[in-house]
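Novice: return atomic coordinates for the entry below.
(one chain, ligands or ions: 1)
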Amino acid sequence: MKKLFSLTILILVVLLSVGLLAGCTGDQQSNADSQENALNDSEPEGNAEKGVVNLYTNRHYDADQQLFDAFTDETGIEVNVVKGGADELIERLATEGQDTEADLLITADAGRLSRAKEQGLLQSIESEVVSNNIPENLRDKDNHWVGLTVRGRVIVYSKDRVNPSELSTYEDLINPKWNGKILVRSSSNIYNQSLLASFIELNGRDAAKEWAKGVSVNMARDPKGNDRAQATAVAAGIGDIAIMNTYYIGNMLNSSNPEEVKVAKSVGVFFPNQDTTGTHINVSGIGLTKHAKNKENAVKLIEFLTGEQAQELFAQANYEYPANSKVEPSDLIKSWGDFKPQSLQLSKLGEYNEEAMKIFNEIGWK
Ligand code: FE
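Specialist: Numbers count the residues shown, from 1 in each chain. This next block holds a predicted model:
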């Protein structure tokens, strides 16, 4: 009888222990358990506990993915990326409203980020780390977005036919000496809209309109193709100078296509307006969405991407200038020399975007 009693106790103890263990993996675990499981668990469900951050981007470089992977390694936070055109992604954000999965939006132009802000799709990034990483003029004034990389929109010239001493300012491009010699893409392109927006801010609407009209008169052909196509047309002798972004020259010089390398080698990079208002710059930047569900993780990712380590890779990968001034540009970019950039607040590019498009339409820049 005594033996039977002991056996019953033993069975009860075993059952109780099993029950407790089962309880630990069930729903009723303590907070401490749950945190520890989240940290140790590498199952997808565990990652969901550690967190995710969802990103809409219109950048499409391998370096970006490398950076997201490095962020995941460092923090355990998974980065889910949806790629698309900037306008398409902004429209998607607007349609999805508060149901959107996106926490962050990356576009390659301050004008577009400002547009997203104006549509009420972004919110303030409250982080001292970010504010210390990125200078004020490369951020939205309410910190709804910040720059990640900087690009200059410069004059590229034929080394054979143009002496750089003939070049000076954007304004000089309306001089009759450039008649039939300028190559530039269409006005539907946001880089040109932002360029003209900068002139509206710096020189006023009338001067900006006169400039657009003058350049349009001096064009070598009706606008067509992207920035690279303008450099190709200079090399082919269709025109002598082109307005384009710096990093395309970097990319072409390092292209696997020997034709592109040849084109890039035949042209020089000129930074206009060095004695006046400075060369036009724009950014690739990141905004925090209004309805971000993973806001804390999103801010962590912005802090990471604007930090020195990430900025180095960003700048090396696409031949852009780092937005974080503590980081040096790549050697190739440095070989083009220092330049004075326009000093305007980049959110102005979005503010004057509509006005710029109106001017292009009025003067007939296709
Ligand atoms: Fe581009």
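Novice: so what's the closest residue to residue 219 other than its chain neighbours bridging to?
Specialist: In space, and not counting its chain neighbours, residue 219 is closest to residue 182: 5.3 Å by CB to CB, 6 or more residues apart in numbering. Where C-beta positions appear, they are placed from N, C-alpha and C, glycine not excepted. Residue 182 has these beta-bridge partners by DSSP bridges: residue 219, residue 241.
Novice: which residues touch residue 182?
Specialist: Neighbour list for residue 182: 173, 215, 218-220, 239-243 [criterion: CB atoms under 8 Å, 6 or more residues apart in numbering].
Novice: separation between it and residue 353?
Specialist: Using CB to CB, to the nearest Å, we find residue 182 at a distance of 23 Å from residue 353.
Novice: one more: residue 129?
Specialist: Residue 129 is 30 Å from residue 353, by CB to CB.
Novice: do the same with residue 263
Specialist: 31 Å.
Novice: cool, residue 141 as well?
Specialist: If you go by CB to CB, the gap between residue 141 and residue 353 works out to 16 Å.
Novice: who's more crowded, the two?
Specialist: residue 353 (23 against 12; other CB atoms under 10 Å).
Novice: tell me the pLDDT at that one?
Specialist: For residue 353, the pLDDT comes out at 92.
Novice: wait, it touches residue 198, no?
Specialist: No: with contact defined as CB atoms under 8 Å, residue 353 does not count as touching residue 198 (10.8 Å).
Novice: who does the residue nearest the centre of the chain bridge with?
Specialist: Centrality entry for the chain: nearest residue to the mean C-alpha point is residue 284, 2.5 Å, by CA atoms, centre = their mean. Beta-bridge partners recorded for residue 284 (DSSP bridges): residue 149.
Novice: quick one: the strands in the stretch 151-300 of the chain?
Specialist: 182-183, 241-245, 267-270, 280-289 (DSSP state E, counting those that start in this stretch).
Novice: give me the distance from stretch 317-326 to the chain's centre.
Specialist: Taking the mean of its C-alpha atoms, stretch 317-326 sits 11 Å from the chain's own mean (CA atoms, centre = their mean, to the nearest Å).
Novice: got the contact list for that stretch?
Specialist: By CB under 8 Å, 6+ apart, stretch 317-326 touches 61-64, 133-135, 138, 146-152, 246-247, 249-251, 254, 281, 283-285, 306-308, 311-312, 314-315, 328-330, 332-333.
Novice: do the same with stretch 162-176
Specialist: In contact with stretch 162-176 (CB under 8 Å, 6+ apart) are residues 155, 157, 177-178, 182, 195, 199, 203, 210-211, 213-215, 217-218, 240-241, 243, 268, 270, 272-273, 275-276, 280.
Novice: mind listing what's buried in that stretch?
Specialist: 162, 167-171, 173-174 (16 or more other CB atoms under 10 Å).
Novice: need the distance between the two termini of it.
Specialist: Length of stretch 162-176, first residue to last, CA to CA, to the nearest Å: 15 Å.
Novice: distance from that stretch to the middle of the chain?
Specialist: The answer for stretch 162-176 is 30 Å, by CA atoms, centre = their mean.
Novice: ok, the residue nearest to residue 228 when sequence neighbours are not counted - contacts?
Specialist: Using CB to CB, 6+ apart and skipping the chain neighbours, the partner closest in space to residue 228 is residue 248 (5.2 Å). Residue 248 sits next to 227-228, 231 when contact means CB under 8 Å, 6+ apart.
Novice: residue 248 and residue 310, how far apart?
Specialist: 22 Å.
Novice: also residue 193?
Specialist: 29 Å.
Novice: now swap in residue 279 and tell me
Specialist: 25 Å.
Novice: low-confidence stretches in the stretch 201-350 of the chain?
Specialist: Scanning the stretch 201-350 of the chain for pLDDT under 70 picks out no residues.
Novice: for stretch 217-232, which outside residues touch it?
Specialist: Against stretch 217-232 from outside (CB under 8 Å, 6+ apart): 156, 173-176, 178-187, 189, 191, 233, 238-240, 242-245, 248-249, 251-252, 260, 263-264, 267, 365-366.
Novice: do stretch 191-203 as well
Specialist: So stretch 191-203 is contacted by 109-111, 153, 170-171, 184-187, 207-208, 211-212, 227, 243, 245, 277, 280, 282, 342, 344, 348-353, 355-357, 359-360, 365 (CB under 8 Å, 6+ apart).
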